[in-house]
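[1] What follows is a predicted protein model with its sequence.
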Amino acid sequence: MLSRFLGKRSSHFPSARVELEKDVTLAQQGDLDVRNDLIKNYIPFISQVTSKVCKRFIDPSKDDEFSVAMEAFDEAISKYTFGKGSSFLSFADLVIRRRVIDFIRKEAKHRGQLSFEHTGDGEEETDQTAIETQVSIQQYQLDYDASLRREEINHYKEKLKEFKIDLMELPDISPKHVDARQNAMEVARTVVNNSRLCQLFMEKRKLPMKDLMAEVSVSRKTVERNRNYIVAIIILLLEDYQYLHSYLQVETERVVQPS
């Protein structure tokens, strides 16, 4: 669906986001008390994201997945880069999802390996079992990639909802002509690459039309017509999507090719 689209919380409030990012900065600079307070205060957030991935209630006192998520949140504090547009909590959300999926897959792989080893009854490995092992490893990687891709899509879907855009509408709002899509992408990149426009976009949760029109060559009417498509591309560019960015890269390469 994303290929069709491209080819055819409290942190939302500016003051709250600024305060949170100040704390993240202090934690990155070595303030352990602030770091520990951040982790403690965002336990409900960490638990909620983990529950989404596991699709069940997560008990912080019992479930290993929660411990993995706590470590992921701590990792997010260390690795978050300011000025990219995406909020810290949005970035932390993605890091938690990836680490929990990684943990679940590794656990499943480990259980599968133990089961396979026990079925061998001590016999030497044959060519057939070696092939089966290789196939199992390859399938594990495919399943792992699919899980990460699915979680990125879920995250993207949630971000789009903040701008009142339905993921299922993306193929329909995509400009039909290649040049129109290319122009819309350039407008989106203008917002992402301009810190002032990006800040206005994140604060107002909409395109800053007055300021934007002074920076782009396309008409206001064209921008208005493709508003939701441009917003969807901006979100895609701002977030730390490892898999979904590949759709955008393929589309970019395609639209710039001579006809």
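    Great, that's in hand.

[2] Report the residue ranges of every domain in the chain.
    9-162, 167-255 (automatic domain parsing).

[3] Determine which stretch of those domains is the most buried.
    domain 167-255 (a mean of 17; mean count of other C-beta atoms under 10 Å). Heads up, the C-betas are built off the backbone N, CA and C, glycines and all.

[4] before we move on, back to that, can you lay out the domains of the chain as JSON lines showing mean pLDDT?
    As requested, the domains of the chain are exported to JSON lines (pLDDT from 0 to 100):
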{"stretch": "domain 9-162", "mean pLDDT": "78"}
{"stretch": "domain 167-255", "mean pLDDT": "86"}
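
[5] which residues in the protein form helices?
    2-7, 14-28, 32-41, 43-54, 64-79, 88-119, 127-162, 170-173, 178-193, 195-204, 209-213, 220-225, 227-238, 244-255 (DSSP state H).

[6] As PDB, could you dump the C-alpha coordinates of the third one?
    Extracted C-alpha coordinates of helix 32-41, given in PDB (Å, rounded to 0.1, in the frame of the first residue of the first chain):
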ATOM      1  CA  LEU A  32      22.100  10.400  36.300                       C
ATOM      2  CA  ASP A  33      19.400  11.800  38.600                       C
ATOM      3  CA  VAL A  34      17.500  13.300  35.600                       C
ATOM      4  CA  ARG A  35      18.000  10.200  33.600                       C
ATOM      5  CA  ASN A  36      16.600   8.000  36.300                       C
ATOM      6  CA  ASP A  37      13.700  10.300  36.800                       C
ATOM      7  CA  LEU A  38      12.900  10.300  33.100                       C
ATOM      8  CA  ILE A  39      12.800   6.500  33.100                       C
ATOM      9  CA  LYS A  40      10.700   6.400  36.200                       C
ATOM     10  CA  ASN A  41       8.300   9.000  35.100                       C
END
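
[7] Tell me what angle that helix forms with helix 43-54.
    50 degrees (axes from the mean of the first three to the mean of the last three C-alpha atoms, to 10 degrees).

[8] Distance from helix 32-41 to the middle of the chain?
    24 Å (C-alpha atoms, centre = their mean, to the nearest Å).

[9] helices or strands next to it in the packing?
    helix 14-28, helix 64-79 (3 or more C-beta pairs under 8 Å, 6 or more residues apart in numbering; DSSP states H and E).

[10] mind checking which of those is nearest residue 173?
    Shortest distance between residue 173 and the helices and strands packed on helix 32-41, using C-beta to C-beta, is found for helix 14-28: 27.6 Å.

[11] Tabulate the helices and strands packed on helix 32-41 in CSV, adding columns for distance to residue 213.
    Formatted as CSV, those follow (distance: least, C-beta to C-beta, whole Å):
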stretch, distance to residue 213
helix 14-28, 23
helix 64-79, 35
